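J.: the following comprises the amino acid sequence and a computationally predicted model.
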Amino acid sequence: MSARVRCPRCQRPATRCYCAQLPSHALQNHWPVTILQHPQESRHALGTARIAQLGLSACNLLDATTDSIAEDLAGQRVALIYPGVDSQPLAVLHDQPPHRLLFIDATWRKSRRLLLESPFLSALPRYHLEALPPSRYRIRKEPRSDALSTLEAVVYALGCVERMPDRYLPLLRVMDWLIEEQIEAMGADTFTKNYFARNRFARNNLPADDRFDPTRHE
Ligand SMILES: [Zn+2]
């Protein structure tokens, strides 16, 4: 089979399709999810946002660079999962009616630029994840073992707000399978160099200049 033939569902080369690894039915999430994806991320071989889209009943992917984001999300309670000095722990939303959980699937630099350039996004209340297990992008040479993929952030955030920490873990097994498969295909060194997850959603994953320093009161 030609490597160029793609699975229409997961969009992977047909010979390396992960659809059989997905749960047989999409998991029913009560808190809907939207992932704003930078076009560069959609070309990323691991594309974990797509696993979330395929594996959850209420998860959509929007191009982060389109102008209609404010329209698409208008009139909804939206919680942006993006750590910062003014973000709150996501658990403060316990016992609240469902909000739409919004994630940005982009590098730090690109996501910061998106926020700066969008008055709508920058005005949203921000939340961060807490008490996370280490990332499952568990390559030995990985420079930051605490960096989370977008899929992991979605899985842990839903588990937190819906108070069912294990409910969405089956989606991570798809990612595990994909990682093993990628490592096998290209060798661990190349994988680490090219496919390190660059997205971070937890406050303790912030770059040093973003960390809140309580001693720094000018
Ligand atoms: Zn597939």
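T.: That came through, no problem.

J.: which residues of this protein lie near the ion?
T.: By C-beta under 5 Å from the ion, the part of the chain that sits against the ion consists of 7, 9-10, 17, 19. To be clear about C-beta, it is placed using only N, CA and C from the backbone, and glycine gets the same treatment.

J.: show me which residues of the longest helix seen in the chain are buried.
T.: Longest helix in the chain, counting residues (DSSP state H): helix 170-186. By 16 or more other C-beta atoms under 10 Å, the buried positions in helix 170-186 come out as 171-172, 174-175, 178-179, 182-183.

J.: tell me the mean pLDDT over that helix?
T.: For helix 170-186, mean pLDDT is 86.

J.: pull the CA atoms of that helix into CSV?
T.: The C-alpha trace of helix 170-186 is given here as CSV (Å, rounded to 0.1, in the frame of the first residue of the first chain):
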residue,chain,number,x,y,z
PRO,A,170,-8.5,5.3,27.6
LEU,A,171,-7.7,8.1,25.2
LEU,A,172,-4.1,8.3,26.5
ARG,A,173,-3.6,4.7,25.5
VAL,A,174,-4.2,5.7,21.9
MET,A,175,-1.4,8.2,22.3
ASP,A,176,0.9,5.6,23.9
TRP,A,177,0.3,3.4,21.0
LEU,A,178,1.1,6.2,18.6
ILE,A,179,4.3,7.1,20.3
GLU,A,180,5.5,3.5,20.4
GLU,A,181,4.7,3.2,16.7
GLN,A,182,6.5,6.4,15.9
ILE,A,183,9.6,5.4,17.8
GLU,A,184,9.7,2.1,16.1
ALA,A,185,9.4,3.8,12.7
MET,A,186,12.1,6.5,13.1
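
J.: packing partners for it?
T.: Contacts defined by 3 or more C-beta pairs under 8 Å, 6 or more residues apart in numbering; DSSP states H and E place helix 170-186 against helix 48-55, helix 150-161, helix 188-194.

J.: just give me how far it sits from the chain centre.
T.: Per C-alpha atoms, centre = their mean, to the nearest Å, the displacement of helix 170-186 from the mean C-alpha position of its chain is 16 Å.

J.: which stretches of the protein form strands?
T.: Along the chain, counting by DSSP state E, strands occupy 33-37, 59-63, 78-81, 88-89, 100-105, 126-128.

J.: strand partners (parallel or antiparallel) of the third one?
T.: To tie it back to what came earlier, the one meant is strand 78-81. When sheet partners are counted by DSSP bridges, strand 78-81 sits next to strand 100-105 (parallel), strand 126-128 (parallel).

J.: I figured residue 4 hits residue 13, correct?
T.: Yes: taking C-beta atoms under 8 Å as the definition, residue 4 is a contact partner of residue 13 at 7.3 Å.

J.: of these two, who's got more company?
T.: Between residue 4 and residue 13, counted using other C-beta atoms under 10 Å, the more crowded position is residue 13 (16 against 7).

J.: returning to that earlier point: export the strands of the chain to CSV and tack on mean neighbour count, distance to residue 72 and mean pLDDT?
T.: Shown next, in CSV, are the strands of the chain (neighbours: other C-beta atoms under 10 Å; distance: least, C-beta to C-beta, whole Å; pLDDT from 0 to 100):
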stretch, mean neighbour count, distance to residue 72, mean pLDDT
strand 33-37, 23, 8, 95
strand 59-63, 17, 6, 94
strand 78-81, 22, 10, 97
strand 88-89, 14, 24, 96
strand 100-105, 24, 10, 95
strand 126-128, 23, 19, 96
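
J.: right, I'll call it a day here.
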